[in-house]
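*Asks:* have a look; sequence and predicted model below, questions after that.
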Amino acid sequence: MNRHMLACGVVLLAIAAVFLGCATIERAEVTQTMVKTTPATPGDWLLLPAPREMEIAGTIPRGHIRASVAAINELPCGLSVALSAWMDLNREELTPHLPLLTLEASIDPLRVPQAQGYELSIIAPDAQGQGGAVSVLAHDEPGLFYAAQTSKQIVALALESGALPICHIRDWPDFPHRGIMLDIARDKVPEMKTLFELVDLCASWKCNQIQLYTEHTFAYKGHHVVWQDASPMTAEQVRALDQYCKDRYIELVPNQNSFGHMGRWLQHPEYADLAETPGGSDLCPIDPGSLELLRGMYSFMLPNFSSAQFNVGCDETWSLGKGRSKADTDARGVGRVYLEFLLKIRGLVQENGKTMQFWADIINNHPELIPELPKDVVAMEWGYEANHPFAEHAQRFQENGVRFYVVPGTSSWNSLLGRTENALGNLRNAAENGIQFGGEGFLVTDWGDGGHWQFLPVSLLPFAYGAGVSWCYETNKDADAAAVASRYAFQDSAGIMGQIAYDLGNAYKRTGGEYGNSTTFYRLLQHAVEKPLGEAGLGDLKPEDLEATVSYLDDTLARLDQTQMQRPDAELIKAEFRMNATMAKLACRLGAARLRAGGVASSALPKDVRAPLAAELGALLDDYRQLWLARNRSGGLKDS
């Protein structure tokens with residue numbers, strides 16, 4: 001039996017088990033009924049992503065029908081994972097006298113021409129109980145898998161409402177590649193359980209790519225000194241994660257920064273002579289040893305990934321031309337020296353049979369060189385503010401025939417609680433312009449700058465919204481992000497956890513200060529601890545605004561006890577949000593005290609003011625450590 005037949009069979013079996021819970025085994029022809037389709041998800045059928053086209057003609061009371069499906073003994077692993085989840089929804093026995101709903105599924109790229117696309121129809125039985133059917137038609141195996149995810153969501157809603165929709169769905173993605181990137185270099189390396197759970201969540205949202213941003217947190221052979229204190233990902237763990245992703249139609253793309261952000265290597269004497277400047281974080285591009293280091297790293301790392309792509313980073317090379325390469329950059333230009341080294345890295349990537357992705361910020365600083373980029377590389381156009389010039393940069397890549405992704409972010413880093421309004425605007429901006437100018441991918445990044453103080457649940461709402469707009473922008477751009485996150489990220493039957501996350505993520509706007517890539521909370525606790533507030537750009541804050549923000553946070557946190565999350569980590573999620581909010585409140589109290597003392601540095605506060613704040617900080621540190629270790633390895637915790 002070939003793989004396509006197996007894939008079709010599992011969808012048949014899964015839909016039967018989930019929709020109807022019947023053991024009857026028969027086979028019947030299905031006549032597909034075409035209906036007029038309309039955009040968006042009608043009525044109360046909240047799906048993630050909202051399908052491109054969906055029309056509901058009515059409902060069938062659940063319990064008024066039973067299913068017929070052919071048994072399949074061998075199932076592709078990816079689809080059997082979906083089946084095992086769906087079987088959990090099989091809660092009721094149906095009696096044999098009920099009308100029969102037959103089920104069919106097939107792959108036909110001629111009838112569904114869009115890659116990863118599918119059609120799903122639920123057709124009601126007639127008055128005599130005949131003609132009822134569920135029909136699934138897909139372009140390919142991923143299309144079947146995505147039809148399965150949509151069916152699973154419909155069934156969950158049907159179990160709550162007591163009825164199945166009579167409907168027709170036509171659906172396919174805007175972007176061929178849709179996914180997330182986790183920063184595992186600053187400073188959190190997630191436990192494998194955390195990663196597996198995130199893969200499952202992404203698969204349920206029809207994401208098909210995951211990257212783990214790495215600087216020093218892969219256990220390279222022969223480079224023990226670099227990663228020995230970082231609790232790194234091992235080759236064996238990467239292979240296990242890669243297979244877990246493949247089984248769910250997700251591509252695990254290797255991601256290793258290879259030019260800038262190499263400080264965790266260059267700080268060690270064994271590698272210090274490869275730095276552009278003493279103590280700097282950039283490799284020297286004119287030193288042959290830099291390329292040899294990368295050659296060895298790639299040859300050990302890349303065979304553990306089945307992906308044909310590799311993100312080599314190469315962003316934010318701040319010291320380039322300021323040290324050992326100065327004579328070359330003076331003679332030929334910084335951009336030229338950068339591009340030459342980038343192309344040498346591409347050669348290494350090709351030696352390993354991969355296609356190179358690279359961060360596009362430096363090449364955007366030298367647009368005259370963009371036409372020289374090879375046509376097989378992929379520029380990763382990143383920007384994290386709502387007004388980032390995705391349109392300008394994407395159009396430039398399109399006009400020069402350069403493949404590209406748009407890369408927005410969760411806005412969670414340097415924030416504690418996120419920046420909801422900015423994140424949603426950033427995600428919409430990226431999706432709209434990526435589609436308009438022919439981008440082939442949409443990658444939502446989740447960075448860990450400044451100690452990675454935010455906990456993972458803070459990023460779930462923007463992850464979910466990003467999954468929607470990258471699948472179909474038009475039907476998801478106006479989605480209720482809080483409602484979507486409540487159901488599909490937090491699994492909250494009370495429907496309020498998403499709104500709590502949304503509101504906590506907008507607390508930054510109440511402080512009276514808004515800053516790119518940061519929040520007042522973070523600046524007060526880290527970037528401006530020992531500077532007078534005026535020198536740190538925080539002198540215009542008002543203590544009354546900061547104190548009102550504390551009250552807002554308290555009021556929002558009070559709603560946590562009303563949530564009814566069905567996730568096994570529900571209590572952990574609540575504790576994580578409380579911790580990040582507690583840190584934000586400490587920042588506000590510290591800021592208000594400093595303002596009232598004349599905007600002084602933290603150490604200059606009167607002792608009777610400083611002491612209770614210090615005691616509050618000391619009390620939360622132990623809880624912070626415990627919460628960190630609940631999802632992450634210990635390496636990096638001391639740094640954080």
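*Replies:* Right, received. Where do you want to start? Residues are numbered from 1 along each chain as shown.
*Asks:* tell me which helix or strand in the protein has the weakest average pLDDT.
*Replies:* For the chain, counting by mean pLDDT, DSSP states H and E, helix 77-87 ranks last in confidence among helices and strands (a mean of 42).
*Asks:* host element of the residue most central in space within the chain?
*Replies:* Nearest to the mean C-alpha position of the chain, by CA atoms, centre = their mean, lies Ile180 at 3.0 Å. Using DSSP states H and E, Ile180 sits within strand 177-183.
*Asks:* what does that strand rub up against?
*Replies:* 190, 198, 202, 206-213, 250-251, 253, 255, 405, 407, 413, 440-449, 452, 463, 466-467, 470-471 (CB atoms under 8 Å, 6 or more residues apart in numbering). Where C-beta positions appear, they are placed from N, C-alpha and C, glycine not excepted.
*Asks:* follow-up on the earlier one: tell me what the residue nearest to the centre of the chain is bridged to.
*Replies:* Ile210, Val444 (DSSP bridges).
*Asks:* how about the one 10 residues further on?
*Replies:* In this structure, Pro190 has beta-bridge partners Asn632, where bridges are defined by DSSP bridges.
*Asks:* now do the same contact list for it.
*Replies:* Contacts of Pro190 by CB under 8 Å, 6+ apart are Leu182, Ile184, Leu198, Leu456, Arg631, Asn632, Arg633.
*Asks:* now do Trp413
*Replies:* Asp183, Asp446, Trp447, Gly448, Asp449, Gly450, His452, Gln454, Asn517.
*Asks:* recalculate using a threshold of 6 Å.
*Replies:* Trp447, Gly448, Asp449 (CB atoms under 6 Å, 6 or more residues apart in numbering).
*Asks:* shaky segments in the stretch 201-350 of the chain?
*Replies:* Along the stretch 201-350 of the chain, no part satisfies pLDDT under 70.
*Asks:* Leu417 - that's part of a strand, no?
*Replies:* No. Leu417 is assigned coil when assessed by DSSP: H, G, I helix; E, B strand; the rest coil, not a strand.
*Asks:* contacts only, for it.
*Replies:* Leu417 sits in contact with Leu504, Gly505, Ala507, Asn580, Ala584, where contact means CB under 6 Å, 6+ apart.
*Asks:* which strands and helices lie in contact with the helix or strand Asp622 falls within?
*Replies:* Element membership for Asp622, per DSSP H and E: helix 607-631. Judged by 3 or more CB pairs under 6 Å, 6 or more residues apart in numbering; DSSP states H and E, helix 607-631 is in contact with helix 570-596.
*Asks:* let's see it at 10 Å
*Replies:* helix 192-204, helix 570-596 (3 or more CB pairs under 10 Å, 6 or more residues apart in numbering; DSSP states H and E).
*Asks:* mind putting these in JSON lines, distance to Pro269 and mean neighbour count included?
*Replies:* Listed next are the helices and strands packed on helix 607-631 as JSON lines, based on distance: least, CB to CB, whole Å; neighbours: other CB atoms under 10 Å:
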{"stretch": "helix 192-204", "distance to Pro269": "33", "mean neighbour count": "18"}
{"stretch": "helix 570-596", "distance to Pro269": "36", "mean neighbour count": "21"}
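*Asks:* buried ones among the contacts of Trp413?
*Replies:* Trp447, Gly448 (16 or more other CB atoms under 10 Å).
*Asks:* pLDDT at the residue of the chain most remote from its centre, what is it?
*Replies:* Relative to the C-alpha centroid of the chain, counting by CA atoms, centre = their mean, Gln128 is the outermost residue, at 48.0 Å. According to the prediction, Gln128 has pLDDT 76.
*Asks:* SS state for it?
*Replies:* coil.
*Asks:* and the strand holding Ile180, what's buried?
*Replies:* Buried residues in strand 177-183 (16+ other CB under 10 Å): His177, Arg178, Gly179, Ile180, Met181, Leu182, Asp183.
*Asks:* bridged to Gly132, which residues?
*Replies:* As assigned using DSSP bridges, the partners bridged with Gly132 are Leu101.
*Asks:* number of residues surrounding it?
*Replies:* 25 (other CB atoms under 10 Å).
*Asks:* same question for Asp44.
*Replies:* Quick note: Asp44 (other CB under 10 Å) scores 10 neighbours.
*Asks:* distance of it relative to Leu461?
*Replies:* According to CB to CB, to the nearest Å, Asp44 and Leu461 sit 21 Å apart.
*Asks:* Cys167 reaches Leu157, doesn't it?
*Replies:* No. Judged on CB atoms under 10 Å, Cys167 makes no contact with Leu157 at a distance of 11.4 Å.
*Asks:* ok, those two, which is more surrounded?
*Replies:* A count of neighbours by other CB under 10 Å puts Cys167 above the other of Cys167 and Leu157, at 21 against 17.
*Asks:* what's near enough to touch the more buried one?
*Replies:* 35, 37, 42, 45, 51, 54-59, 120-123, 154 (CB atoms under 10 Å, 6 or more residues apart in numbering).
*Asks:* quick one: buried ones out of those?
*Replies:* 35, 37, 45, 51, 54-56, 59, 120-123, 154.
*Asks:* picking up where we left off before, pull the distance from the helix holding Asp622 to the chain's centre.
*Replies:* Centre-to-centre, helix 607-631 and its host chain are 29 Å apart (CA atoms, centre = their mean, to the nearest Å).
*Asks:* for it, what is the average pLDDT?
*Replies:* 96.
*Asks:* related to what we said a few turns ago, taking the contacts of Cys167 one by one, which sit in strands?
*Replies:* Met54, Glu55, Ile56, Ala57, Gly58, Thr59, Leu120, Ser121, Ile122, Ile123 (DSSP state E).
*Asks:* out of the contacts of Pro190, who's the most crowded?
*Replies:* Ile184 (28 neighbours).
*Asks:* just checking, that residue touches Met233?
*Replies:* Yes. At 7.0 Å, Ile184 counts as touching Met233 under the criterion of CB under 10 Å.
*Asks:* strands of the stretch 151-300 of the chain, residue ranges please.
*Replies:* All strands of the stretch 151-300 of the chain, identified by DSSP state E, counting those that start in this stretch, fall at 163-171, 177-183, 209-213, 251-253.
*Asks:* looking at these, which is closest to Val134?
*Replies:* strand 163-171 (9.0 Å; CB to CB).
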